[in-house]
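Colleague: using only what follows, build the 3D model:
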Amino acid sequence: MNITPISLLAGMLLISLVSCNEPEREEAQALDMNELRAEIQAMEDAYAEAQNAKDPDGVVVYYADDAVSMPNNQPTVSGKAAILDQVRADMARDTAGSTTTFQVTDIKASGDLLVEAGTSTTTDAAGNVTTGKYVSVFEKRDGKYVCIRDIWNTDAPEAGSE
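Modeller: I've put the predicted structure just below:
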């Protein structure tokens, strides 16, 4: 087989053209869902740790400055400063000595956006357990995910609805 400079150049051109289509495939492969799940679970664990320690500043690290939170049985809260006020008020109302854990149950990601679904378990000092669920939307900003939207509610019936 005789390889001429022209056939070698044509082969190299073909390889470079084919590799130009690789970024889409590389982006899809770059999102390691197990790694992302672990990253988001670590964020949820840090949130729970701060919440359980009654550290509102530690909780709001989770949120982007322009985040919107839709808490259970409360109006929508817009912006990190307003979310901080809401977290402080919630902590002040917690006289039961509650502790909460969060468990990531599902994530979906594309590009810089990630959607998480999860469950929560809250236990008060008397051992009473309340479960709930939530959805958080994250955006990757400056190399790390921050929550831009969340909504959550408990599985407990609303007071007086039983």
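Colleague: could you pull out the helices in this protein for me?
Modeller: Secondary structure of the chain (DSSP state H): helices at 5-19, 22-30, 33-52, 56-60, 80-93.
Colleague: output the lowest mean pLDDT helix or strand found in the chain.
Modeller: Lowest by mean pLDDT, DSSP states H and E among the helices and strands of the chain is helix 5-19, with a mean of 40.
Colleague: quick check: Val61 vs Ala50, distance?
Modeller: Applying CB to CB, to the nearest Å, the value for Val61 to Ala50 is 7 Å. C-beta coordinates here come from the backbone N, C-alpha and C atoms, glycine included.
Colleague: of these two, who's got more company?
Modeller: Legend: neighbour count by other CB atoms under 10 Å for Val61 and Ala50, higher for Ala50 (18 against 14).
Colleague: dump the residue contacts of the more buried one.
Modeller: 56-59, 61 (CB atoms under 8 Å, 6 or more residues apart in numbering).
Colleague: any of these buried? List them.
Modeller: The neighbour count (16 or more other CB atoms under 10 Å) marks 56, 58-59 as buried among those.
Colleague: output the below-cut-off pLDDT ranges for this structure.
Modeller: Scanning the chain with the threshold set as pLDDT under 70 gives 1-30, 159-162.
Colleague: how close does Tyr47 sit to Cys147?
Modeller: Counting by CB to CB - Tyr47 and Cys147 are separated by 9 Å.
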